[in-house]
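1. coords please:
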Amino acid sequence: MSRNALKLRVPTRRITFSPSSAKKPKETKTYASNDHVRDRGEAFPFPCRMAITRQIGDVLVPISIKDALASAGPVASVFVQGWVRTRRDAKDFSFIELNDGSSLRNLQIIATSSLPNYSAVQRLITGASVTVRGALAASQGKGQSWEVIADEVTIVGPSDDSYPLQKKGHTPEFLREIAHLRPRSNLFGSVFRVRSRLAFAVHQFFQERGFFYLNSPIITGSDCEGAGELFRVTTLNPSDPPRKSNGEIDYEKDFFARATYLTVSGQLEAEAFASALSKVYTFGPTFRAENSNTSRHANEFWMIEPEMAFTDLNGNMDLAEEIVKYLIHDVRENCPDELELFAKFVDKELLGRLDFVVDRPFQRITYADGIELLKKSNEKFEFPVEYGSNLQSEHERWLTEKHCKCPVTVFNYPKEIKPFYMRLNDDNRTVTAMDLLVPGIGEIVGGSQREERLSVLEASMRRHQMDPNDYKWYLDLRRYGTVPHAGFGLGFERMLMFVSGVSNIRDVIPFARTPGSAEF
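-> So this is what the prediction gives:
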């Protein structure tokens, strides 16, 4: 049977919704086809199941291509919409590969020469947008279960030969230059679908465990990390700012009557709410004015930061290890097509590495033990290994990939290399810091038990050359009902890089903000 001879007539249940009534929808059995409503005695050429065609008034509601491809059976009348990936012509019909972003896979549209605008359909090129009405039928081609036999193809937005995403390979560098169009490519469409799923899984993880979601402020007067790499927020005239008698800029005359910045972390505010709600988490954008052009750094990025009252370092490590495994498992379960693409074209070892982390318990070692292992390794590292220096990515990867051969949690770091708020251990030399290390990337989580003792925290602030008077509200949390508490930060983009195998942070952020680049 030729394709243009296909005639479908499927009994469906058409549901009509009445916005003014709370009663159940009225269902009426009708017969529809991809040609015309025909005599009810005509035989139907394919076995089919009952299908629901949702209609509001006289409008057929569009379904996603993902849902169309997952259909349990043929459907007499569907409405899909999207962008043309490719079009090729046969004698009496055209094949259109349509994608709406809901799925990595395309839906094949069969447009026959009987369409009134068939000549226009034959001129469709990659990038054009269309809507299609027709019958969802079992595909006669290979590699796909369903296709749509079009009754109607409406050209919504044309394209032309200057469209940069043609059917060929494109480098990540080129696609960064057209960041407004790269989500239409297979790779970046997949990256950002996984990003969406990963964000959902973050909220799901914490909500299932009784955490409350906190929206911490974007504008802050605090430098949580004490690194001084902050973007200033001001309305003062840069060419003629008000000045004090000593010549310094007078920020008391600024919009907020003090110096303010874009936040580097929501941790301090989360500590305040954990002191009332017990378990909270923030999940939002953070900013750092670090002039670094590496593949792992961006100036705007998202952080996941839980804080828990009545929790020590061990409880903190337990939760951090649990969320890493949870997020990997969720993406493995819900994004199989995307992960298959990444494993084929981005990182052939990806799936094995993800399973490596999920299937093995984290091994915990102290910072001091880690340094000793690295020194005795006889490995030639680019960065020297010395007690009191930060672990570099090469050190972290050696611990996970070559020595422990499992994910690793390193804890109890020297106080000199960690921020002011981390709890001082009884040895007076180390703090209750912890970093989670995974193969292929190194550190993925950093956190600590917080210093809950007022006098010790004040001393730590002074040691870091901070004025305790600037943090009175933060110190109040230790004055009134202080409790042991802990938390950590999980870089969202770094987690996405790990589960996708994408090696450059610019390729997992919709519109990356890096030194010298703030386009789009």
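2. in this structure, which strand has the most residues?
-> strand 75-89 (DSSP state E).
3. in the chain, which spans are helices?
-> 65-69, 118-121, 172-177, 186-208, 267-277, 313-334, 336-345, 350-359, 367-375, 393-397, 454-463, 472-479, 492-500 (DSSP state H).
4. For residue 299, which of the ones you listed is the nearest?
-> Minimum separation from residue 299 across those (C-beta to C-beta) falls at helix 492-500, 11.8 Å. For the C-beta atoms, the positions are set from N, CA and C on the backbone; glycine is no exception.
5. Compute the inter-axis angle for the closest one and helix 336-345.
-> Angle between the axes of helix 492-500 and helix 336-345 is 80 degrees (criterion: axes from the mean of the first three to the mean of the last three C-alpha atoms, to 10 degrees).
6. contacts for helix 492-500?
-> Taking C-beta atoms under 8 Å, 6 or more residues apart in numbering as the criterion, the residues outside helix 492-500 that touch it are 190-191, 194-195, 198-199, 202, 283, 296, 298, 301-304, 324, 327-328, 331, 338-339, 342, 346, 350, 354, 438, 440-441, 444, 502-505, 508-509.
7. With only the CA atoms kept, save it in CSV.
-> The C-alpha coordinates for helix 492-500 follow below in CSV (Å, rounded to 0.1, in the frame of the first residue of the first chain):
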residue,chain,number,x,y,z
PHE,A,492,24.9,22.8,40.1
GLU,A,493,26.9,23.3,36.8
ARG,A,494,29.7,21.1,38.1
MET,A,495,27.2,18.3,38.9
LEU,A,496,25.7,18.7,35.4
MET,A,497,29.2,18.5,33.9
PHE,A,498,29.8,15.3,35.8
VAL,A,499,26.5,13.5,34.7
SER,A,500,26.8,14.7,31.1
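8. before we move on, back to that, comparing the helices of the chain, which comes out most buried?
-> helix 492-500 (a mean of 24; mean count of other C-beta atoms under 10 Å).
9. next one: that helix to chain centre, how far?
-> Helix 492-500 has its C-alpha centroid displaced from the chain centroid by 8 Å (C-alpha atoms, centre = their mean, to the nearest Å).
10. now the stretch 201-350 of the chain, which segments are flagged as low pLDDT?
-> 223-228 (pLDDT under 70).
11. again, 90 this time
-> Low-confidence segments of the stretch 201-350 of the chain, defined by pLDDT under 90: 221-229, 290-297.
12. Tell me how many other residues surround residue 156.
-> 11 (other C-beta atoms under 10 Å).
13. sorry, back to before: got JSON lines for the helices of the chain, with distance to residue 98 too?
-> JSON lines is the format used below for the helices of the chain (distance: least, C-beta to C-beta, whole Å):
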{"stretch": "helix 65-69", "distance to residue 98": "7"}
{"stretch": "helix 118-121", "distance to residue 98": "12"}
{"stretch": "helix 172-177", "distance to residue 98": "21"}
{"stretch": "helix 186-208", "distance to residue 98": "13"}
{"stretch": "helix 267-277", "distance to residue 98": "44"}
{"stretch": "helix 313-334", "distance to residue 98": "23"}
{"stretch": "helix 336-345", "distance to residue 98": "16"}
{"stretch": "helix 350-359", "distance to residue 98": "28"}
{"stretch": "helix 367-375", "distance to residue 98": "53"}
{"stretch": "helix 393-397", "distance to residue 98": "42"}
{"stretch": "helix 454-463", "distance to residue 98": "59"}
{"stretch": "helix 472-479", "distance to residue 98": "55"}
{"stretch": "helix 492-500", "distance to residue 98": "25"}
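14. With respect to residue 407, which of these lies nearest?
-> helix 350-359 (5.1 Å).
15. can you give me the strands in the stretch 1-150 of the chain?
-> 9-16, 26-33, 51-56, 59-60, 75-89, 93-99, 107-112, 129-138, 146-157 (DSSP state E, counting those that start in this stretch).
16. now the strands for the stretch 401-520 of the chain?
-> 408-414, 430-438, 442-449, 485-491.
17. Can you name every helix or strand that the second one contacts?
-> Using 3 or more C-beta pairs under 8 Å, 6 or more residues apart in numbering; DSSP states H and E as the contact criterion, the neighbours of strand 430-438 among helices and strands are helix 313-334, helix 367-375, helix 393-397, strand 408-414, strand 442-449.
18. Take those and lay them out in JSON lines including distance to residue 150.
-> Formatted as JSON lines, those follow (distance: least, C-beta to C-beta, whole Å):
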{"stretch": "helix 313-334", "distance to residue 150": "31"}
{"stretch": "helix 367-375", "distance to residue 150": "62"}
{"stretch": "helix 393-397", "distance to residue 150": "52"}
{"stretch": "strand 408-414", "distance to residue 150": "55"}
{"stretch": "strand 442-449", "distance to residue 150": "47"}
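19. I'd guessed residue 502 sits against residue 346; true?
-> Yes - applying C-beta atoms under 8 Å, one finds residue 502 in contact with residue 346, separated by 6.0 Å.
20. Would you mind telling me which of the two has more residues around it?
-> It is residue 502, of residue 502 and residue 346, that has more neighbours when counted by other C-beta under 10 Å, with 24 against 18.
21. for the more buried one, what are its contacts?
-> 191, 342, 346, 496, 508.
22. let's see 6 Å
-> By C-beta atoms under 6 Å, 6 or more residues apart in numbering, residue 502 lies in contact with residue 508.
23. Could you do residue 515 as well?
-> Counted by C-beta under 6 Å, 6+ apart, residue 515 has contacts 291, 293.
24. Equivalent analysis for residue 279, please.
-> 210-211, 308.
25. Spatially nearest residue to it (excluding sequence neighbours)?
-> residue 211 (4.5 Å; C-beta to C-beta, 6 or more residues apart in numbering).
26. Next: residue 235.
-> That would be residue 255: by C-beta to C-beta, 6+ apart, it lies 4.4 Å from residue 235.
27. Pull the number of nearby residues for that neighbour.
-> Count around residue 255 with other C-beta under 10 Å applied: 12.
28. isn't it right up against residue 234?
-> No - with contacts counted by C-beta atoms under 6 Å, residue 255 stays clear of residue 234, the gap being 7.1 Å.
29. Run through the residues that contact the residue nearest in space to the middle of the chain.
-> Nearest to the mean C-alpha position of the chain, by C-alpha atoms, centre = their mean, lies residue 195 at 2.3 Å. Neighbouring residues of residue 195 by C-beta under 6 Å, 6+ apart: residue 496.
30. how about a cut-off of 10 Å?
-> 302, 492-493, 495-496, 499-500, 508-510 (C-beta atoms under 10 Å, 6 or more residues apart in numbering).
31. I'd like to check the angle between the longest strand of the chain and strand 107-112, please.
-> Using the same axes, to 10 degrees: strand 75-89 against strand 107-112 is 80 degrees.
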